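Asker: my questions concern the predicted model and sequence given below.
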Amino acid sequence: MIDRLLPIGLLILSNIFMTFAWYGHLRFKAAPLFLVILVSWLIALPEYMLAVPANRWGSSVYSAAQLKGMQEVITLAVFAVFSILYLGQKITVNHLIGFALIAAGAFFLFRAPVSA
């Protein structure tokens, strides 16, 4: 059971770091771009230290396509919460529809193959 849950937990944590690395600076638009890039890079380092083991260990129980699909759904969920709580932006119905379509794609990655 832990072999299935650990990669998911690590992907959630890595996506929190990456979301801050990519979008956290939007609240500090007056900061010099070079400084923003440097800080973002430093935030991204722990993200890699979580994502790489998540994918390495996860590949023993999930396919690469399943890991990628899972990562995309986690990314959207983390981003939605971040966007609301940190950036103060609203999630619209169109955003939810787009997220749902991506989640539907991930669903098919975990579904048993359809025979031809």
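Answerer: That came through, no problem.
Asker: residues in contact with the residue positioned nearest the centre of the chain?
Answerer: For the chain, the residue nearest the mean C-alpha position is Thr75 (2.4 Å; Cα atoms, centre = their mean). Applying Cβ atoms under 8 Å, 6 or more residues apart in numbering to Thr75 gives the contacts 15, 18-19. Glycine gets a C-beta too; all of them are placed from N, C-alpha and C.
Asker: my guess is Ser59 contacts Leu67, does it?
Answerer: Yes. Counting by Cβ atoms under 8 Å, Ser59 touches Leu67, with 6.7 Å between them.
Asker: more neighbours: those two, which one.
Answerer: The neighbour comparison of Ser59 against Leu67 (other Cβ atoms under 10 Å) goes to Leu67, with 21 against 13.
Asker: longest helix anywhere in the chain?
Answerer: Looking across the chain with DSSP state H, the single longest helix is helix 33-58.
Asker: contacts for stretch 19-37?
Answerer: Contact with stretch 19-37 is made by 39-41, 43-44, 47, 75, 78-79, 82-83, 86-87, as judged by Cβ under 8 Å, 6+ apart.
Asker: from those, list the buried ones, please.
Answerer: Buried members of the contacts of stretch 19-37, scored by 16 or more other Cβ atoms under 10 Å, are 39-40, 43-44, 47, 75, 78-79, 82-83.
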